[in-house]
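Student: Sequence and predicted structure, then a few things I'm wondering about:
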Amino acid sequence: MADIKTFYLPDLGEGLPDATVVEWHVKVGDTIKLDAPLVSMETAKAVVDVPSPYTGKVTKLHGAAGDIIETGAALAEFEPDPNAKQRAEAESTGHHHGPKKSVGSAAPDNSAKVVASDEGGEIAQSKGDREDEGTVVGAMVSGNHVHVEQLSSVGGVKAVPAVRALAKKLKVDLSRVRPTGDGGVVTMKDVKDAAANGSAPLGAAPARAVHEDAGRHLAPRLPEPEPARGPTSLAGKPVRTSSPSVHASGQPEQLKGVRRNMARVMADAHAQVVPTTLVDDADLHAWIGKQDITARLIRAIVTACKSVPALNAWFDGKNLTRTLHPHVDIGIAVDTEEGLFVPALRNADVLDGAGVRAAIKRLRTQVEDRSIPASELSGYTISLSNFGMFAGRYATPVVVPPCVAIVGAGKLSHDVVAVMGGIEVHRRMPISLTFDHRAATGGEAARFLKALLDDLAQPN
Amino acid sequence: MAQITLIEAVTQALAYEMAHDDSVVVLGEDVGVNGGVFRATQGLQEKFGELRVLDTPLDETTIAGVTVGLAAQGMKPVAEAQFEGFIYPMMEQIACHAARLRNRTRGRITVPAVWRAPWGGGIRAPEHHSEANEHLFTNIPGLRVVMPSSPARAYGLLLAAIRDPDPVMFFEPKRIYRQYKEEVPDDGEALPLDVCFVLRDGTDVTIVTWGAQVKEALEAADALAEEGISAEVIDVATLTPLDFDTIAESVQKTGRCVIVHEAPKTAGFGAEIAARLAEECMYDLLAPVERVTGFDTHIPLFRLEMKYLPSTERVVEAAKKALAAS
């Protein structure tokens, strides 16, 4: 039976309670080497890469990207490779775990608290559970290797570096010191004795006796010292030497993920497209009963696309080609906390009202729980931004290449409308059509808009 | 004699000096009950009580300020900065007060304080936990900057630092905290400050380094020896005041110098040594001075960390380059 090891989330800073999984660098079933990157975790302080504590197979990952893991809670499980070199048990990972998340446990015994590799990596010396609120993520190299300073025998004198250094400090000529150590080695005591009795002064240099003030190297003592200045200013107040700072109300924040992608896509679109916008109002006065506005918008776009295919197209600005699409896939802008998603509503031209509603519902759910496949976020032929569900009447939505048009639907309103014989109040929907003028003419856009408005004006 | 690690040597030195000098106090975040983030002060509070081993708030500025105050009033505080990357808030107190009081009071008040800080990378720590910025302190007059590279030197130099009447920055290379052991007699013998330790004699090239990189320097010397190249290895140990004589003497003999440090190259302490060599040993040099250093960027997180730190191979390469120049 394979031995499964659980790796608990170490404290990635000083006593931080938890950390968020940013990205796993492995999947279950992967084999990983000791110290290879296992996971990136974001704490309140920074994103920290956590190295693998074992060489072996990953059998379980606790938590997915975005999940918060408490310090000391299980993070991953491994089946260590018995044939591979593992770090010694006592210094298992070199990580320290926060206090175990249990109730009523006995107060930890301080004597058993250890930090990274306190035990020099020996299992036998392990002091039991490694419970600690220590701070080091990584393992510290430790060993039982005993280091012996080399004797050197420059000028025929055998002495360790410390003795040579002391001789230098005390201006003692090592070659004139009588060695008392084994095999003619000069010892510390030999040098000190020589310094004390002046038996081996260095060269012609005046031997400087070591006196009380030897260490006071900075300034000589003056007979009449001035009164000490206090820790504060002469006026007895703290001195401020810097000018009052300008307060920034926030910190620059690195864009990530969807929001970062949005920034890139929009900048790219702005650099490429020649946007032109037409605006008008759709009159919904004739609508019978309560209708699904989004479904009607989709139907109107499909109708307009059939009427003027030039706007249901892709445009390649580099090669100056355009592709007119026989089908209508509508990109629907979905606003989220993380940024803008534009999932594609496929085959809008063959769906009925109920089909459109079901498809939109599915897309929204997939966007919300982030299960939408990347393939569904591209390849649409025209797009719709239904910003009016929040606020705003007219807009200049951004045409994202290779598409050539985007329809913006504003907030519905009740407007006073002049009609034959008087005035009426009609429910209207502001419509903005932004198109890439490289790919379509103003006439095409206007005819497209008219077809769209006409369809929206239908009773049902 | 006990064989102990560098971190144990730090504990041993603190315990020895606290037992022999009542004015020595230890303070810092978690140094008491918890024994320090690396356990350097383990057991000291039990032994010497809460008045001499003080757990402070999470406030480096306060730790540094209290340390200055204690020292100016006759105590010998040893403050711990949990990681050297968190030492920046302490710098105002250290640079503006600790380092100046002797000069400001014309010698009437000294600050016999020690700031211990786990220094450098190589343990796959998060941001702010792996800084190597000794050069920021070597440029502040009035401070000693000391960096041990072995258990014995950690013990002897820390005792010397505590006994020194002036403020000492004591940077502990945490990568080698537990890397190897050494016999360190607990006899209270201090090692001299302000001198370099010549760890290995050589005639062809001088490798000058300090802290954790002593390991790579010695390994490089071994590798070079296999190719018949004799490298002298100098552990600077006390960066300021610098014992330049030992370095100059060695370079006068070998004619070549490779300086190795973990800090970024630009304005690192290696630049000072290189400049001094240019000033004082130009006519002894047979090749341009080589520097093997970290890079001019923040030390990266663990995946790139070892690429940032000077490796044995880079040191060997630099030594060969120096040899090829003449």
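Tutor: Okay, I see it.

Student: buried set for the helix or strand of chain B with the lowest mean pLDDT?
Tutor: Least confident element among the helices and strands of chain B, by mean pLDDT, DSSP states H and E: helix B:302-308 (a mean of 88). Residues B:Phe302, B:Glu305, B:Tyr308 are the ones in helix B:302-308 that count as buried (16 or more other C-beta atoms under 10 Å in any protein chain shown). In short, each C-beta sits where N, CA and C put it, glycine included.

Student: helices or strands up against that helix?
Tutor: strand A:47-51 (3 or more C-beta pairs under 8 Å, 6 or more residues apart in numbering or on different chains; DSSP states H and E).

Student: and the strand it packs on, which strands flank it?
Tutor: strand A:37-42 (antiparallel) (DSSP bridges).

Student: Of the buried residues of helix B:302-308, just say which sits nearest to chain A.
Tutor: Set against chain A, the nearest of the buried residues of helix B:302-308 by C-beta to the nearest C-beta is B:Phe302 (5.6 Å).

Student: Identify the residue spatially nearest to that closest one, adjacent ones excluded.
Tutor: Nearest non-adjacent residue to B:Phe302, counting by C-beta to C-beta, 6 or more residues apart in numbering or on different chains: B:Arg124, 3.6 Å away.

Student: Let me know the secondary structure of the one you found.
Tutor: coil (DSSP: H, G, I helix; E, B strand; the rest coil).

Student: Hmm, it is touching A:Pro51, no?
Tutor: Yes: using C-beta atoms under 8 Å, B:Arg124 is in contact with A:Pro51, at 6.1 Å.

Student: Mind pulling up the pLDDT for the closest residue to chain A within chain B?
Tutor: Closest contact between chain B and chain A, by C-beta to the nearest C-beta, is at B:Arg124 (2.1 Å). Listed pLDDT for B:Arg124 reads 83.

Student: and the gap between it and B:Gly36?
Tutor: Going from B:Arg124 to B:Gly36 by C-beta to C-beta, to the nearest Å gives 20 Å.

Student: likewise B:Glu279?
Tutor: The value you get for B:Glu279 to B:Gly36, if C-beta to C-beta is used, is 41 Å.

Student: Please compare those two by neighbour count and tell me which comes out ahead.
Tutor: Using other C-beta atoms under 10 Å in any protein chain shown as the criterion, B:Glu279 and B:Gly36 rank with B:Gly36 on top: 25 against 9.

Student: shouldn't the more buried one be in contact with B:Asp30?
Tutor: Yes: using C-beta under 8 Å, B:Gly36 is in contact with B:Asp30, at 6.1 Å.

Student: Now do the shared contacts for those two.
Tutor: Here B:Gly36 and B:Asp30 share the contacting residues B:Gln82, scored by C-beta atoms under 8 Å, 6 or more residues apart in numbering or on different chains.

Student: Which residues are in contact with B:Lys307?
Tutor: By C-beta under 8 Å, 6+ apart, the neighbours of B:Lys307 are B:Pro300.

Student: oh sorry, the question was meant for A:Thr303
Tutor: By C-beta under 8 Å, 6+ apart, the neighbours of A:Thr303 are A:Ala451, A:Leu452, A:Asp454, A:Asp455.

Student: can you dump the C-alpha coordinates of the helix or strand harbouring it into PDB?
Tutor: Here A:Thr303 sits within helix A:293-307, counting by DSSP states H and E. Extracted as PDB, the C-alpha positions of helix A:293-307 are listed here (Å, rounded to 0.1, in the frame of the first residue of the first chain):
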ATOM      1  CA  ILE A 293     -36.300  42.600 -24.900                       C
ATOM      2  CA  THR A 294     -33.100  40.700 -25.400                       C
ATOM      3  CA  ALA A 295     -34.800  38.100 -27.600                       C
ATOM      4  CA  ARG A 296     -36.400  40.900 -29.600                       C
ATOM      5  CA  LEU A 297     -33.100  42.600 -30.000                       C
ATOM      6  CA  ILE A 298     -31.500  39.400 -31.200                       C
ATOM      7  CA  ARG A 299     -34.300  38.800 -33.700                       C
ATOM      8  CA  ALA A 300     -34.000  42.400 -35.000                       C
ATOM      9  CA  ILE A 301     -30.200  42.000 -35.400                       C
ATOM     10  CA  VAL A 302     -30.700  38.800 -37.300                       C
ATOM     11  CA  THR A 303     -33.300  40.500 -39.600                       C
ATOM     12  CA  ALA A 304     -31.000  43.400 -40.200                       C
ATOM     13  CA  CYS A 305     -28.100  41.100 -40.900                       C
ATOM     14  CA  LYS A 306     -30.200  39.300 -43.500                       C
ATOM     15  CA  SER A 307     -31.200  42.600 -45.000                       C
END
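
Student: next one: that helix to chain centre, how far?
Tutor: For helix A:293-307, the separation from the chain centroid amounts to 41 Å (computed by C-alpha atoms, centre = their mean, to the nearest Å).

Student: Without its sequence neighbours, what residue ends up closest to the closest residue to chain B within the stretch 301-450 of chain A?
Tutor: Among all residues of the stretch 301-450 of chain A, A:Glu338 sits closest to chain B, at 25.2 Å; criterion: C-beta to the nearest C-beta. Spatial nearest neighbour of A:Glu338, excluding adjacent residues (C-beta to C-beta, 6+ apart): A:Val258 at 4.4 Å.
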